[in-house]
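Chemist: here's my sequence, what's the structure:
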Amino acid sequence: MKGYKVFYPDFTAKHNSMKYKENETFEVSLPIKICSHGLHFCLKASDCFSYYDFDPKNIVCEVEALGEIQTHSDDSKICTNILRVGKILTWNEVLFVANEGKDNTGHSNSGDRNSGNRNSGNWNSGNRNSGNRNSGDRNSGDRNSGNRNSGDSNSGNWNSGDSNSGNRNSGNWNSGDRNSGDSNSGYRNSGAFCTDSNPKLILFDKLTDINVRDWENHEACQIMSNLDFTLWVPSSHMNENEKKANPKYETTGGFLKMIHIKEAWTNLWGNLTDTKKSVFTSLPGFDSDKFFEITGIRA
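Modeler: All right, here's what the predicted structure looks like:
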């Protein structure tokens, strides 16, 4: 069984104090136990960097197990009692075997010319991008310079619409920030062609006396900033349908799953204290039915 092993610059490794050498065979006593006793390596070079820094100073070698083996449940990690250390790879060779794509300086990329990690698109400098030419992280669109954009050509962050130059817009053609409507130059407007920079906030479909900029400093708003709509699913936890829909999971080690807003709320709500939960139930005009309809939480 052949694979790859990373060593520290002095040719030592984790789990033991053994000094390794190129083109030599090493052996430890039985019984072996993965992550505890034995000689470890990975079938996939990309998996090695879950345990070692992706650093050109480290040594990467081709290896082969010649004795008994044990496998790891989460990735391609292998444990054996007899290990043959083969040739040392150049860093260019490491980049080639650690990526399915070409000309990457990062690792676990299935796309090309990525300097980040786990990208399935091309020319990304961030991480886990499925689009192209993204310099941020977790973008599914193209040519985004911000983070977590699902639209295209966004220079801000968390935009789901198109052609926005502001931040966190869900509408289109906005030059302001956090607009859910279209063509707004103001701030947090839900209509179109609005210029108001501090409109009143609507809660539970009712206009309140709270200005949107005051709302941003409200504890409820701060708590909601912790909502996470992504979930990294390792290959060991993927079902067959997910594997078919993400055929490059073997290279990336899994896939980034987008979860529904109600699942994100369930994950957040379960970690809140009763005091934190009351921040929402004490909001002006709190409507439990509407809160449940949106979040899936019965408060």
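Chemist: go through the helix or strand of the chain with the lowest mean pLDDT and flag the buried ones.
Modeler: Lowest mean confidence among the helices and strands of the chain (mean pLDDT, DSSP states H and E): helix 249-252, at a mean of 77. Residues Tyr249, Thr251, Thr252 are the ones in helix 249-252 that count as buried (16 or more other CB atoms under 10 Å). Yep, even glycine has a C-beta here, placed from its N, CA and C like the rest.
Chemist: avg pLDDT for the helix or strand following that helix?
Modeler: Using DSSP states H and E, the helix or strand that follows helix 249-252 towards the C-terminus is strand 254-258. Mean pLDDT, strand 254-258: 79.
Chemist: okay, now the sheet partners of strand 254-258, with direction.
Modeler: Counting by DSSP bridges, the strands paired with strand 254-258 are strand 230-234 (antiparallel).
Chemist: for the record, mean pLDDT for the following helix or strand past the partner strand?
Modeler: Using DSSP H and E, the helix or strand that follows strand 230-234 in sequence is helix 240-245. Averaging pLDDT along helix 240-245 yields 86.
Chemist: next one: helix 240-245 to chain centre, how far?
Modeler: 18 Å (CA atoms, centre = their mean, to the nearest Å).
Chemist: also stretch 96-108?
Modeler: 17 Å.
Chemist: what's in contact with that stretch?
Modeler: Residues outside stretch 96-108 that contact it (CB atoms under 8 Å, 6 or more residues apart in numbering): 4, 45-46, 48-49, 54, 89, 95, 109-119, 122, 127, 248, 251-253.
Chemist: any buried residues in it, and which?
Modeler: Buried residues in stretch 96-108, counted by 16+ other CB under 10 Å: Phe96, Val97, Ala98, Asn99, Glu100, Gly101, Asn104, Gly106, His107, Ser108.
Chemist: does the first one sit in a helix, a strand or a coil?
Modeler: The three-state label for Phe96, taken from DSSP: H, G, I helix; E, B strand; the rest coil, comes out as helix.
Chemist: could the buried residues of helix 249-252 be laid out in CSV, adding distance to Trp265?
Modeler: Below are the buried residues of helix 249-252 laid out as CSV (distance: CB to CB, whole Å):
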residue, distance to Trp265
Tyr249, 27
Thr251, 32
Thr252, 28
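Chemist: ok, of those, which one's closest to Lys200?
Modeler: Nearest to Lys200 among the buried residues of helix 249-252: Thr252, at 45.5 Å, using CB to CB.
Chemist: didn't that closest one look like it was pressed against Gly111?
Modeler: No: shown here, Thr252 and Gly111 do not form a contact pair, counting by CB atoms under 8 Å, at 10.0 Å.
Chemist: next, the distance between the ends of stretch 223-233.
Modeler: 25 Å (CA to CA, to the nearest Å).
Chemist: what comes up buried for it?
Modeler: Ile223, Phe229, Val233.
Chemist: so which of those residues sits lowest on pLDDT?
Modeler: Phe229 (75).
Chemist: excluding chain neighbours, what is closest to it?
Modeler: Ala264 (5.1 Å; CB to CB, 6 or more residues apart in numbering).
Chemist: check which helix or strand covers that neighbour.
Modeler: Short version, using DSSP H and E: Ala264 is in helix 261-269.
Chemist: what does stretch 26-35 rub up against?
Modeler: 15-16, 18, 20, 37-40, 67-68, 70-72, 77-85.
Chemist: are any of those residues buried, and which?
Modeler: Buried members of the contacts of stretch 26-35, scored by 16+ other CB under 10 Å, are 20, 37-40, 67, 70, 72, 77-85.
Chemist: domains of this structure?
Modeler: Domains of the chain are assigned by automatic domain parsing as 2-97, 209-295.
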